[in-house]
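K.L.:
Quick one: sequence plus predicted model below, questions after.
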Amino acid sequence: MAQPPPSKRALVAALDPYARLIEVGVGRRPNVALALAERGHEVVAVDVDVSETARDAAAETRATDGGSLRVVTADVTALATADDRAVLNALGLDAEQDGFDAVYARNLPAELQRPAVALADRFDAACLFTTLGFEEPVVDVRRRATESGPVVYVAR
């Protein structure tokens, strides 16, 4: 099983109660999404430029008995304002599929916090994220204390 670094374990633990998740901005570090998929969760990871590392991690989950990881090229700012059909198409879903339980992000910059919360609103889902560390959240949040690692912010 892929173990995320200690600083990411707090986020994985906070997300464990949610079955279906969207990761915003997976970048070149799919370790949180992969750890969740290996715990039996269904994760759709989106980014404007999906890395080969993320694609390889998604292919790796197909060989496990656990959940799933799919990566999708999409812009969260566009998803936040698109109509329902466009969002479903971008995420590779059909209208009969259930929504998502949570939208999350690691190191979410201030300019993407509002779109991430808007995407979570669309699915009536929780929204959890960590920041870049030097930025404070620009949306209303509750801070979730962790034993170690980054502060996890809960916006929904």
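P.N.:
Sure, I can see it.
K.L.:
Can you name the residues in contact with the host helix or strand of T77?
P.N.:
Using DSSP states H and E, T77 sits in helix 76-81. Here helix 76-81 makes contact (CB atoms under 8 Å, 6 or more residues apart in numbering) with 24-25, 46, 86-87, 90-91, 112, 114-116, 118-119, 122. All C-beta atoms are positioned from the backbone trio N, CA, C, and that covers glycine.
K.L.:
ok, of those residues, which one's closest to L128?
P.N.:
Taking CB to CB as the measure, L128 lies nearest A116 of these, at 9.5 Å.
K.L.:
Check which element follows the helix or strand hosting the closest one along the chain.
P.N.:
Using DSSP H and E, A116 sits within helix 110-122. Where DSSP H and E defines the elements, the next helix or strand beyond helix 110-122 is strand 126-129.
K.L.:
Can you give the strand pairings for that following strand, parallel or anti for each?
P.N.:
Using DSSP bridges, the strands paired with strand 126-129 are strand 102-105 (parallel), strand 152-154 (antiparallel).
K.L.:
And those strands: which comes nearest V141?
P.N.:
strand 152-154 (4.1 Å).
K.L.:
Please point out which parts of that closest one sit buried.
P.N.:
For strand 152-154, burial by neighbour count (16 or more other CB atoms under 10 Å) applies to V152, Y153, V154.
K.L.:
can you tell me the helix or strand for the residue most central in space within the chain?
P.N.:
Nearest to the geometric centre of the chain sits E23, at 1.6 Å (CA atoms, centre = their mean). Element membership for E23 (DSSP H and E) is strand 20-24.
K.L.:
Appreciated, that's everything.
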